[in-house]
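>>> Next comes the sequence, and after it the predicted model I'd like to discuss.
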Amino acid sequence: MAVAPAEFAATSRFADAAGLRLHYHEAGPAGEPGGPPVVMLHGGGPGASAWSNFGRNLPVFADRFRTLLVDQPGFGRSAKPPVTGHYFTFAAEALAGLLDQLGIDRVQLVGNSLGGGTGVRFALRFPERAGRLVLMGPGGLSLNVFAPDPTEGVKRLMEFAAPPGPSREKMAAFLRTLVFDQRLVTDELVDERYAAASDPEALAAMASMGASFYDPARAEEGLLWREAHRLRQPVLLIWGREDRVNPLDGALVALKLIRRAQLHVFGGCGHWAQMEKFDEFNQLAIGFLEGGSR
């Protein structure tokens, strides 16, 4: 595994929450921050972690908010137990446990892909604890109206661990579906994500998570678009026009159903708006979240 940068070590934390050992990063302004803390939840591709998705964004958000980047269960340095029930619910309850442990009553949420789904489930399950939501190509809330299922990105994700097993080439193929600008898929990124994802414990966690989405007894918990009308929080949907994992047409139903929703679309952008449109994303998301403290 690559040596973590100094910023990683300086912000790295662990906590025991809801029976799980969770890893997270925390940083914030020197003075007393205004408004509720911000929790950032990463996507669910192989080798993903809070730092891989949001490490660059952390210092920008930490200038304005107490900011936590959370490794969801099964990812990064968090525990990797078998998933109990549906993953979105499992991860949302783990987040609630972490907040309890940290003495935090209410948060605003930024979620990418799988993290967007966890954020929505958290807001539905604990509405009094969730403020504004920024959701980038969120899983579960996205319903493809025109694009085929499974999408290109989801196919590549499913192929990663399929027989004959993981490979660096499969990882590179998956990562290329996440971005419009292919230059972002560097050899270093492929190697880092492949090392994290090919660990047997990580592979078992990915399999358990995936199975929770197809369990007939729990599958409906993942269809968050069916419950979107219950969200009362202000929601900013952010999409890349060239998203090949959760395509843009997946935003239409959520935009229709969520009472206080708005949609921002970045052209020349895939599934990682926080990376591909770094400055614009930071400005847009921070401006929206700061509206929650006025």
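Ah, there it is.
>>> where does Gly35 land on pLDDT?
pLDDT recorded at Gly35 is 74.
>>> so it makes contact with Phe288?
No: look at Gly35 against Phe288 with CB atoms under 8 Å: they stay out of range, at 11.8 Å. To be clear about C-beta, it is placed using only N, CA and C from the backbone, and glycine gets the same treatment.
>>> got the contact list for Ala50?
23-25, 40-42, 69-72, 75-76 (CB atoms under 8 Å, 6 or more residues apart in numbering).
>>> which residue sits closest to it, ignoring its sequence neighbours?
Of all residues not flanking Ala50 in the chain, Leu69 sits nearest, at 3.6 Å (CB to CB, 6 or more residues apart in numbering).
>>> try Gly44
Leu114 is the one closest to Gly44 (CB to CB, 6+ apart), at 3.0 Å.
>>> dump the residue contacts of that neighbour.
Counting by CB under 8 Å, 6+ apart, Leu114 touches 41-44, 48, 72, 87, 139.
>>> Let me see the ranges of the helices in the stretch 1-150 of the chain.
6-11, 50-54, 58-62, 87-102, 114-125 (DSSP state H, counting those that start in this stretch).
>>> any idea which of these is most buried?
Among these, the stretch with the highest mean neighbour count (mean count of other CB atoms under 10 Å) is helix 114-125, at a mean of 27.
>>> hey, C-alpha coordinates of that one in CSV?
The C-alpha trace of helix 114-125 is given here as CSV (Å, rounded to 0.1, in the frame of the first residue of the first chain):
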residue,chain,number,x,y,z
LEU,A,114,-23.0,5.1,-3.2
GLY,A,115,-22.4,7.8,-0.6
GLY,A,116,-25.3,9.8,-2.0
GLY,A,117,-27.6,6.8,-1.4
THR,A,118,-26.3,6.4,2.1
GLY,A,119,-26.9,10.2,2.7
VAL,A,120,-30.5,10.0,1.4
ARG,A,121,-31.2,6.9,3.5
PHE,A,122,-29.8,8.7,6.5
ALA,A,123,-32.0,11.8,5.9
LEU,A,124,-35.1,9.6,5.5
ARG,A,125,-34.3,7.5,8.6
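>>> Hmm, Trp51 is touching Gly76, no?
Yes: applying CB under 8 Å as the test, Trp51 and Gly76 come out as touching, 7.0 Å apart.
>>> one step back: for the contacts of Ala50, give me JSON lines that also has pLDDT and distance to Ala10.
JSON lines is the format used below for these (pLDDT from 0 to 100; distance: CB to CB, whole Å):
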{"residue": "His23", "pLDDT": "98", "distance to Ala10": "14"}
{"residue": "Tyr24", "pLDDT": "98", "distance to Ala10": "13"}
{"residue": "His25", "pLDDT": "98", "distance to Ala10": "9"}
{"residue": "Met40", "pLDDT": "98", "distance to Ala10": "17"}
{"residue": "Leu41", "pLDDT": "98", "distance to Ala10": "21"}
{"residue": "His42", "pLDDT": "98", "distance to Ala10": "19"}
{"residue": "Leu69", "pLDDT": "98", "distance to Ala10": "13"}
{"residue": "Val70", "pLDDT": "98", "distance to Ala10": "17"}
{"residue": "Asp71", "pLDDT": "98", "distance to Ala10": "16"}
{"residue": "Gln72", "pLDDT": "98", "distance to Ala10": "22"}
{"residue": "Phe75", "pLDDT": "98", "distance to Ala10": "21"}
{"residue": "Gly76", "pLDDT": "98", "distance to Ala10": "16"}
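>>> And those, which is closest to Asn57?
Lowest distance from Asn57 to the contacts of Ala50 (CB to CB) belongs to Met40, with 7.1 Å.
>>> Would you mind checking which of the contacts of Ala50 is nearest to Leu237?
Leu237 lies nearest to Leu41 out of the contacts of Ala50, by CB to CB, at 15.1 Å.
>>> neighbours of the residue nearest to Ala50, just the number please.
Using other CB atoms under 10 Å, Leu69 has 31 other residues around it.
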